[in-house]
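Participant: My questions concern the predicted model and sequence given below.
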Amino acid sequence: MAPCQAACPAGVDIRGYLHFLKEGKLAEAVSLVRDSLPFPAITGRICFHPCESACTREAIDESVNINGLERFVGDLYLPARAVPEPVLHAAKIAVIGSGPAGLSAAYFLRKMGYRVTVFEALSKLGGSLRTKVPELRLPRSIIDKQVKYIREMGVEFRTGKLLGAALTLDRAVHAGFKILFIATGTLPTGLPRGVRESLNSVDPETFQTRIPHVFAGGALVLGKVPVVKVIAAARKAALSIARFLGQDEERAEARSVVKNLPGKGIKKKPRQKSRDAWSNDTARREACRCLHCGGRAHIAYPDDCMTCFECELECPSQAITVHPFKEEFPPTIDYSRFAKGS
């Protein structure tokens, strides 16, 4: 795994989407980002970008402007309409709160095929993104467009619904919701005693409360943490909910991180300083500064390679990952697995 991806709380495949940008494949780039981040136009503006501090390029000249590229990708597809996700499961899920945790959980659950309804106490959606982040840093129009995209996916939104008042746990159950995901930021008032107590003991791995069908996330569980960490936790909670409902969702596997990539022979290239108003050419030039850490190995005889994955399956160190489109994105060999003591 590249150091930038390892440093990203959401685990975004940065090397992958920068490769697509380098090739001019913008749709593929945004699709790959959205596998881990629901709204790159937002995180591209407010993320603390630890990925850049881990960037190997910094040892040569300056780190790649990953945050700027993320914002470019997000802004480029802001006008795009979402394709409605098909309903694959009968279970209905209620998400309480439309902040970054609630919106993210709704996004990932909808992508998995669940029917999701988001309840928000305020008249406008966005939660802390709208109420706590300055307009100058995060224009409200950006929030509205990202919410619109999630709505077009098939997520239902109901505003003016306060948990404990207009919406109680019993009413949610009677309305047919199998799961309640509480992401209100602060502990809601008016909750039944058992539910209130259960929110004080949330499992840090599954985000499940002591009440089996009630999960919780966001600042309510994590405290005050960066938005990207809230998003990562919401995705983890969504996967836990899917497993609870009987879906065999894959767990992320631990992967070693590439270190000490040689920098000899690499020419210095100036970093794009700005983070806004990028052209396609500007983004491509910045993406080309990426060293594609991870020890990419070119196939010596590409015409003979049948992409049979035999090398990947037989490698005793499990160090080879073959990309199905080998001509465009060669197989990855993680050389750090061969490091002494690993």
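Facilitator: On my side now, so go ahead.

Participant: okay, CA-based contacts and neighbour counts for the rest of this
Facilitator: Fine.

Participant: Quick check: pLDDT value at residue 296.
Facilitator: Residue 296 carries a pLDDT score of 50 in this model.

Participant: hey, which helix is longest across the protein?
Facilitator: In the chain, assigned by DSSP state H, the helix with the most residues is helix 227-244.

Participant: Quick check: buried residues in it?
Facilitator: Neighbour-count burial for helix 227-244, counted by 16 or more other C-alpha atoms under 10 Å, picks out 227-242, 244.

Participant: Helices of the stretch 151-300 of the chain, start to end?
Facilitator: 169-174, 193-198, 219-222, 227-244, 280-287 (DSSP state H, counting those that start in this stretch).

Participant: looking at those, which is closest to residue 76?
Facilitator: helix 280-287 (9.3 Å; C-alpha to C-alpha).

Participant: what's the longest helix of the chain packed up against?
Facilitator: helix 40-46, helix 100-111, strand 214-216 (3 or more C-alpha pairs under 8 Å, 6 or more residues apart in numbering; DSSP states H and E).

Participant: Out of those, which is the most enclosed?
Facilitator: helix 100-111 (a mean of 27; mean count of other C-alpha atoms under 10 Å).

Participant: quick one, the helix or strand following that one and helix 100-111 angle?
Facilitator: Using DSSP states H and E, the next helix or strand after helix 100-111 towards the C-terminus is strand 115-120. Following axes from the mean of the first three to the mean of the last three C-alpha atoms, to 10 degrees, one obtains 160 degrees for the angle between strand 115-120 and helix 100-111.

Participant: tell me which residues of the helix or strand that strand 115-120 is followed by are tucked away?
Facilitator: Next helix or strand after strand 115-120 toward the C-terminus (DSSP H and E): helix 128-131. Neighbour counts over helix 128-131 (16+ other C-alpha under 10 Å) mark 128-130 as buried.

Participant: circling back: closest to residue 287 out of the helices and strands packed on helix 227-244?
Facilitator: Closest among the helices and strands packed on helix 227-244, using C-alpha to C-alpha: helix 40-46, at 15.2 Å.

Participant: now that closest one: mean pLDDT?
Facilitator: Per-residue scores along helix 40-46 average to 95.

Participant: ditto for stretch 97-108
Facilitator: Throughout stretch 97-108, pLDDT has a mean value of 96.

Participant: what does that stretch rub up against?
Facilitator: 37-38, 95-96, 116-121, 125-129, 147, 150, 155, 181-185, 217-218, 227, 230-231, 233-235, 237-238 (C-alpha atoms under 8 Å, 6 or more residues apart in numbering).

Participant: can you map out the strands along this structure?
Facilitator: Listed in chain order, the strands of the chain (DSSP state E) span 92-96, 115-120, 156-159, 177-182, 214-216, 320-321, 332-333.

Participant: Could you save these as a markdown table and add columns showing distance to residue 280?
Facilitator: As requested, those are exported to a markdown table (distance: least, C-alpha to C-alpha, whole Å):
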| stretch | distance to residue 280 |
| --- | --- |
| strand 92-96 | 37 |
| strand 115-120 | 35 |
| strand 156-159 | 34 |
| strand 177-182 | 39 |
| strand 214-216 | 40 |
| strand 320-321 | 30 |
| strand 332-333 | 27 |
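
Participant: Okay, now the unreliable bits of this protein?
Facilitator: Applying pLDDT under 70 to the chain flags the ranges 162-174, 187-198, 249-256, 258-265, 275, 294-300, 302, 315-342.
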